[in-house]
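Engineer: Prediction below, plus the sequence it came from.
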Amino acid sequence: MKIAILIVLAYLLGSIPSGIWIGKIFFKKDIRNFGSGNSGTTNTFRVLGKTAGLIVFAMDLLKGTLATCLPIIFHLDVNPLWFGLIAVIGHTLPIFAGFKGGKAVATSAGMLLGYSPLFFFYSLVFFLIVLYLSSMVSVASIFSAIFVTLSSIVLPYLWPTILPTHNWLLTLICFLLTCYIIYRHKENIQRIKTGTENRVSFGLNKKEK
């Protein structure tokens with residue numbers, strides 16, 4: 001019974017539409033009507049500015065982290081990754097926003113933070129490097145997802161300090177999320193091919209102000 005309640009709680013946590021709520025409460029805007037139409041962090045930065053974007057990123061990240069930590073907090077002998085995955089599902093199919101959510105990147109990162117902080121920061125460094133080189137969040141998100149999946153397999157053998165043991169569930173979830181992230185970025189991929197993808201004001205190819 002406790003597991004069932006926490007599963008629902010993990011989904012509800014993931015379903016919190018941070019970008020939509022921040023936009024409506026503080027800016028009187030529904031960010032789904034602006035920019036890319038997405039309710040996630042990147043579009044929040046673009047439409048509402050840096051401060052709102054950072055707040056939404058933190059909220060989307062931490063809801064994945066908190067959900068992943070639920071079985072630890074309540075002393076359940078269950079792999080915490082299941083709860084992190086449910087939060088990601090809630091983020092992408094939120095009951096509070098008509099089941100139309102974000103692209104899963106920030107909440108998936110939050111799941112990693114809750115599961116293994118060292119693995120999270122290791123992955124974050126890679127994300128920032130790719131973002132610096134490309135100045136495109138979409139490119140950094142896609143390549144980081146692939147990198148995390150591969151790292152979940154090889155790190156226990158090459159760098160066990162970061163990830164001591166191989167967890168088949170971690171690899172499976174990372175693989176499934178990578179496929180989903182690539183799918184959700186299909187329009188971005190098309191814009192990358194045509195050279196029209198949005199760039200951020202950071203890195204070697206940053207957007208000129």
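Structural biologist: That came through, no problem. Residues are numbered from 1 along each chain as shown.
Engineer: Give me the nearest residue to Phe83, chain neighbours excluded.
Structural biologist: In this structure, Phe83 finds its nearest non-sequential neighbour in Ala10, 4.4 Å apart by CB to CB, 6 or more residues apart in numbering. Heads up, the C-betas are built off the backbone N, CA and C, glycines and all.
Engineer: just checking, next helix/strand downstream of the helix or strand bottoming out on mean pLDDT in the chain?
Structural biologist: Ranking every helix and strand in the chain by mean pLDDT, DSSP states H and E puts helix 41-48 at the bottom, with a mean of 89. Next along the chain after helix 41-48, taking DSSP states H and E as the criterion, comes helix 50-73.
Engineer: For that following helix, which residues meet the burial criterion?
Structural biologist: 52-53, 55-57, 59-71 (16 or more other CB atoms under 10 Å).
Engineer: Looks like Phe57 contacts Leu48 (just checking).
Structural biologist: No. Under the criterion of CB atoms under 8 Å, Phe57 makes no contact with Leu48, lying 11.8 Å away.
Engineer: Next up, the contacts around the closest residue to Asp77 other than its chain neighbours.
Structural biologist: Counting by CB to CB, 6+ apart, Asp77 lies nearest to Pro71, which is 7.8 Å off, once chain neighbours are set aside. Residues near Pro71 by CB atoms under 8 Å, 6 or more residues apart in numbering: 6, 77-80, 82-83.
Engineer: 7 Å instead, please
Structural biologist: Counting by CB atoms under 7 Å, 6 or more residues apart in numbering, Pro71 touches 6, 78, 80, 83.
Engineer: swap in Leu113?
Structural biologist: Applying CB under 7 Å, 6+ apart, we find Leu113 in contact with 61, 65, 120.
Engineer: Okay, the second one and Thr107: tell me how far apart.
Structural biologist: Just to be clear, that refers to Thr65. 9 Å (CB to CB, to the nearest Å).
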